[in-house]
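Trainee: could you work out the structure for the sequence below:
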Amino acid sequence: MGPHRPSPRAAAPARTRPSAALLRRVWTEIGGEPAAVHDALADLPGLGDVPLPARTAAGELALGSTAAATLAAGRRVADLDVARVAAAYRSDRLLTVDGAPPPIWSPLSGFWATADGWIRTHGNYPHHARGLRSALGLAPDADRPDVAAALAALPRDEAVQRIVHHGGLAVSVRAEQPEHDARLRTMPLIEVARVGDAAPSGRPTSGPPSPLTGIRVLDLTRVIAGPVCTRTLALLGADVLRIDPPAIAELPWQHLDTGHGKRSTILDARDPAMSALLATADVIVLGYRPASLARLGLSPDTLVERYPGLVVAELSAWGADAPERAGFDSLVQAESGIAVIEGDDGVPGALPAQALDHSSGYLLAAAVTTLLGRRAREGGSWIARTSLRRVAAEILGMPRRTDPVAAPDPDAASHEARFDVDGVSLVTAAPVIPGTAFTAPHPWGSDAPRW
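Mentor: As a prediction, the model looks like this:
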């Protein structure tokens, strides 16, 4: 199926289109070749709108982010399919495991009315659900009505404090803070720093279709954003080894939706095998809380000091100002003001996809791919950072619509990838980068901790 081509009237001029501004900015921040972006910026207007209807510019954020990853991969932005982009961003709607959709959201995840406002919780992982119930003094099997009744009797901020104190995840739903977001937008969307004087790499990136062949990537991430980044690196030919800690199992469907092309192992970060893997790695992608990683000796600064020539990509929920704080896309939407903007009649709402997650993943993949090329030419170790909160500030600075036009879900059959994973029949969204194809995820935790 060829690229989707809506009427040219559906798109804004290149000089004003938010996706073009995002692409231009990111390409400059990551040090991409200036000549390479010229044609891409000219091609964006003809692609039409990504069908992710929202008051905020979710479609423009998605288009600019996937265009950056496409350009970094050496592919033509003109070949992007906007319907495919929307399908990939809403991959949870296409996902089936043995013919059935998995339970994407826990009953304890969502918006809740308190005595004086709204909060949003995230209870998909069992330990977060336990923390939520414990904070409210509820039984281990308490369900959604029990939680709703308990929260309705509490002030909003007290409810959040209790839940977080007990190991759960919750934020207050707040209105946007334009001055704070404007300050965030003065900072890079992708912060890039060269560290040290390591010699140019002996494994330079190659050209399409697999520019990252021979590149070794350690994947220490969970929950969409980081896994989308490393899935994209694997799509481009990298040898990606995902590492999970022994204590907390991944949600099975989540790995199947973002584990394409990766090997998967279970390993304590303090095990000597981790040092052995790092010694010959080209890239490490970090997605856990920065403070937790620092306590394990896995902060970006420590890693590049110990392993010269390494490219480190760090993704966090809230950014450098909140290194101890955990979070997910839905929580950042709620606290940043997006949920209020997307809501109706005083009830908060959400973007039509986990757009902060997906966009962060594609932008970070673009940075890693480009920095590997720079490392091959210039040498050095490199650090790239972004956060969901910084990406939220970006979309909050884009033009908005008062009445978003509803769009049908993309035709699933045109945008599916099908695999057999250890006897499990898997249907997921196909890749957005033109001319590429996923390979199957390995079963979670099924590989040895070695290259």
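
Trainee: for this protein, what spans make up the strands?
Mentor: Assigned by DSSP state E, the strands in the chain fall at 96-97, 110-113, 118-121, 170-172, 191-195, 216-220, 239-244, 262-266, 283-286, 311-316, 381-387, 416-421, 424-429.

Trainee: make a markdown table out of these and add mean neighbour count, mean pLDDT and distance to residue 395.
Mentor: In short, each C-beta sits where N, CA and C put it, glycine included. Shown next, in a markdown table, are those (neighbours: other CB atoms under 10 Å; pLDDT from 0 to 100; distance: least, CB to CB, whole Å):
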| stretch | mean neighbour count | mean pLDDT | distance to residue 395 |
| --- | --- | --- | --- |
| strand 96-97 | 17 | 95 | 29 |
| strand 110-113 | 18 | 98 | 19 |
| strand 118-121 | 24 | 98 | 17 |
| strand 170-172 | 22 | 98 | 17 |
| strand 191-195 | 17 | 96 | 18 |
| strand 216-220 | 24 | 98 | 26 |
| strand 239-244 | 24 | 97 | 28 |
| strand 262-266 | 21 | 97 | 28 |
| strand 283-286 | 26 | 98 | 23 |
| strand 311-316 | 27 | 98 | 17 |
| strand 381-387 | 25 | 97 | 13 |
| strand 416-421 | 14 | 95 | 27 |
| strand 424-429 | 20 | 95 | 21 |
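
Trainee: reformat those as CSV; add distance to residue 81.
Mentor: Below are those laid out as CSV (distance: least, CB to CB, whole Å):
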stretch, distance to residue 81
strand 96-97, 21
strand 110-113, 32
strand 118-121, 32
strand 170-172, 35
strand 191-195, 29
strand 216-220, 26
strand 239-244, 24
strand 262-266, 24
strand 283-286, 26
strand 311-316, 26
strand 381-387, 25
strand 416-421, 13
strand 424-429, 12
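
Trainee: quick one: closest of those strands to residue 27.
Mentor: Nearest of the strands of the chain to residue 27, taken as CB to CB: strand 191-195 at 11.5 Å.

Trainee: gap between residue 399 and residue 60?
Mentor: Counting by CB to CB, to the nearest Å, the gap between residue 399 and residue 60 amounts to 8 Å.

Trainee: so who does the residue nearest the centre of the chain touch?
Mentor: Central residue of the chain (CA atoms, centre = their mean): residue 225, 1.7 Å from the mean position. Contacts for residue 225 (CB atoms under 8 Å, 6 or more residues apart in numbering) come out as 287, 315, 329, 356, 357, 358, 360, 361, 364, 388.

Trainee: repeat the analysis, applying 6 Å as the threshold.
Mentor: Contacts for residue 225 (CB atoms under 6 Å, 6 or more residues apart in numbering) come out as 315, 357, 360, 361.

Trainee: one more: residue 70?
Mentor: By CB under 6 Å, 6+ apart, the contact set of residue 70 is 77, 433.

Trainee: any idea how far residue 386 is from it?
Mentor: 18 Å.

Trainee: pLDDT at the closest residue to residue 213 other than its chain neighbours, what is it?
Mentor: Spatial nearest neighbour of residue 213, excluding adjacent residues (CB to CB, 6 or more residues apart in numbering): residue 237 at 3.9 Å. Note on residue 237: pLDDT of 96.

Trainee: burial of residue 237, as a residue count?
Mentor: Using other CB atoms under 10 Å, residue 237 has 20 other residues around it.

Trainee: re earlier: just want to know which of residue 399 and residue 60 has more residues nearby.
Mentor: Neighbours per residue (other CB under 10 Å) separate residue 399 from residue 60, with residue 60 holding more: 24 against 11.

Trainee: so what's the more buried one up against?
Mentor: By CB under 6 Å, 6+ apart, the residues touching residue 60 are 18, 19, 398.

Trainee: against residue 57, how distant is the last one?
Mentor: Okay, so that is residue 398. Residue 398 sits 4 Å away from residue 57, going by CB to CB.

Trainee: comparing the two, which shows the higher neighbour count?
Mentor: Between residue 398 and residue 57, counted using other CB under 10 Å, the more crowded position is residue 57 (27 against 17).
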